[in-house]
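A.B. asks: One predicted model, sequence on top.
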Amino acid sequence: MTAVACYQATAPDQPLTKGTLDRRELRADDVMIEIEFAGICHSDIHTVRDEWGGCRYPMTPGHEIVGRISELGSAVTDFALGDRVGVGCLVDSCGECAQCAAGNEHYCETGSVGTYNSTDRVDGSVTQGGYATHIPVSRRFLIRIPESLDPAAATPLLCAGITTYSPLRKWQAGPGSHVAVVGLGGLGHVAVKLAAAMGARVTVFSHSLAKEDDGRRFGAADYVSTAEDGFHRAHRGEFDLILNTVSVPLDTDTYLKMLRPEGAFVLLGLPPAPLSVQPGLLIGGRHTVAGSNIGGIRETQEMIDFCAEHGITAEIELIDADAINDAYDRVVDSAVRYRFVIDAKTF
Ligand code: NAP
Ligand code: ZN
């Protein structure tokens, strides 16, 4: 065991504090990553504040991680010391079931292992995430980060990028399709950039017009404030795909009215609240309401390579570790532009 510096949550209503955590000795197929940057995802906040239940304290969050390999396990031959790599929301799965074989480690039939607050398959310990100086990770869960991408601004792609890329591919966003992105936060702003790069026409629905100039700069053709009564009327039947990235409950029926026949409303935001849908709005246009959870390792690498090819990174505010608690408050207030990334030198 090696003690490393970290930030950790000790209770749902307490600020995160500086501490240490024990990192395991490397297993044969592990590498040690010296972390350079860790992103703050709204899911970190839901977890730390126990809004989803099941948070095991003390807990170090962080599932958007970029750094360099500082140590190699004995069986690792396909990565080298100094390689820049990323880690997202997953650090293990069985590797043998049909889902793992298909590259869907996140749907592993025996349960995938999350980067934090999950149970390690080998020693039963609770996994601890990226708000720390180092993390050991199996080579099977590493993403290669091209040197052409700014490493700090690429960090949010490890969650926000794959979470939005995967449904855009699944529902075939591209030339001729019209995609709406609801919520211009961490996920939403990356979704706009990705969908525009894929060739889709993009409309943003935001709860004000405060970020309109940014939304258009990221690639949106239209920008709509949901604060206006009846905002949906001008957009009835318009969209093939609506990605909902909002972290609080929305009136789903309003969005279903804006789908084309056969269109899909896909939930990415995960507020801890039930969803209600008027059946007629589903049946009328054979609409789909779906959810989408991150993506597998192969698709995450594909997404990073797509981003490198198209010059896509997140818009970030780089902060020191002692600003994490203020950053959490700003994320909850929708005042982040557009993802906080922590400089790991300050843990
Ligand atoms: P974020 O940066 O906080 O963005 C959420 C956006 O939701 C805000 O920017 C805001 O957009 C909108 N919003 C927030 N409060 C609102 C309110 N009271 N009324 C209306 N709109 C509001 O969060 P994020 O990191 O992108 O994460 C978004 C959600 O996705 C979270 O619930 C997170 O847990 C979830 N998530 C899911 C997955 C997955 O695999 N499915 C992966 C990562 C995250 P506007 O200001 O533009 O309205
Ligand atoms: Zn996330």
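C.D. replies: Right, received. Where do you want to start? Numbering: from 1, shown residues only. Ligands and ions are numbered 1, 2, ... in the order given.

A.B. asks: roughly how far apart are the closest residue to residue 141 other than its chain neighbours and ligand 1?
C.D. replies: Counting by CB to CB, 6 or more residues apart in numbering, residue 91 is the residue found nearest to residue 141 once chain neighbours are left out, at 5.2 Å. From N, CA and C alone the C-beta is placed, and that goes for glycine too. Computed with CB to the nearest ligand atom, to the nearest Å, the distance linking residue 91 and ligand 1 is 15 Å.

A.B. asks: looking at it, residue 91 is touching residue 114, isn't it?
C.D. replies: Yes. Contact criterion CB atoms under 8 Å: residue 91 and residue 114 qualify, at 7.2 Å.

A.B. asks: number of nearby residues for the closest residue to ligand 2 within the stretch 1-150 of the chain?
C.D. replies: Ligand 2 sits closest to residue 41 of the stretch 1-150 of the chain, with a gap of 3.0 Å, by CB to the ion. Here the neighbour count serves as a burial measure; for residue 41 (other CB atoms under 10 Å) it reads 26.

A.B. asks: Residue 234 too?
C.D. replies: Neighbour tally, residue 234, other CB under 10 Å: 11.

A.B. asks: pLDDT value on it, please?
C.D. replies: At residue 234 the predicted local distance difference test score is 97.

A.B. asks: in a helix, that's where it is, yeah?
C.D. replies: Yes. Residue assignment for residue 234, taken from DSSP: H, G, I helix; E, B strand; the rest coil, places it within a helix.

A.B. asks: what stretches of this structure score poorly on pLDDT?
C.D. replies: Within the chain, the set of residues satisfying pLDDT under 70 is empty.

A.B. asks: Now do the helices for it: every range, in order, please.
C.D. replies: In order along the chain, the chain carries the following helices (DSSP state H): 42-48, 98-101, 151-154, 160-170, 186-198, 212-218, 252-256, 279-283, 297-310, 324-332.

A.B. asks: Return the list of helices and strands in contact with the first one.
C.D. replies: Same thing as helix 42-48. Under the contact definition 3 or more CB pairs under 8 Å, 6 or more residues apart in numbering; DSSP states H and E, helix 42-48 sits against helix 324-332.

A.B. asks: separation between residue 327 and residue 191?
C.D. replies: Look at residue 327 and residue 191: by CB to CB, to the nearest Å, they are 21 Å apart.

A.B. asks: how many neighbours does the residue nearest to residue 110 when sequence neighbours are not counted have?
C.D. replies: Closest residue to residue 110 apart from its sequence neighbours, by CB to CB, 6+ apart: residue 94 at 4.6 Å. For residue 94, the tally of surrounding residues (other CB under 10 Å) stands at 16.

A.B. asks: I'd say residue 94 and residue 107 touch.
C.D. replies: No. Assessed by CB under 8 Å, residue 94 is found out of contact with residue 107, at 11.1 Å.

A.B. asks: Spit out the contact partners of the closest residue to residue 196 other than its chain neighbours.
C.D. replies: For residue 196, the nearest residue in space outside its immediate sequence neighbours is residue 219; the separation is 2.8 Å by CB to CB, 6+ apart. Residues in contact with residue 219 (CB atoms under 8 Å, 6 or more residues apart in numbering) are 192, 193, 195, 196, 197, 202.

A.B. asks: Next: residue 64.
C.D. replies: Contacts were defined as CB under 8 Å, 6+ apart; by that measure residue 64 touches 38-41, 86, 88, 130, 155-160, 341.

A.B. asks: switch the cut-off to 6 Å
C.D. replies: Contacts for residue 64 (CB atoms under 6 Å, 6 or more residues apart in numbering) come out as 39, 155, 156, 158, 159.

A.B. asks: quick check, nearest of the residues you listed to residue 274?
C.D. replies: Within the set of the contacts of residue 64, residue 159 lies nearest residue 274; the separation is 24.4 Å, counting by CB to CB.

A.B. asks: By proximity to ligand 1, which residue of the stretch 151-300 of the chain wins?
C.D. replies: In the stretch 151-300 of the chain, the residue that lies nearest ligand 1 is residue 185 (1.9 Å; CB to the nearest ligand atom).

A.B. asks: How many residues are close by that residue?
C.D. replies: Number of residues near residue 185 (other CB under 10 Å) recorded here: 24.

A.B. asks: before we move on, back to that, tell me which of residue 91 and residue 114 has more neighbours.
C.D. replies: For residue 91 versus residue 114, the count of surrounding residues by other CB under 10 Å is larger for residue 91: 27 against 20.

A.B. asks: residue contacts, the closest residue to ligand 2 within the stretch 151-300 of the chain?
C.D. replies: Nearest residue of the stretch 151-300 of the chain to ligand 2, counting by CB to the ion: residue 159, 3.2 Å away. The neighbours of residue 159, taking CB under 6 Å, 6+ apart as the test, are 41, 63, 64, 88, 89.
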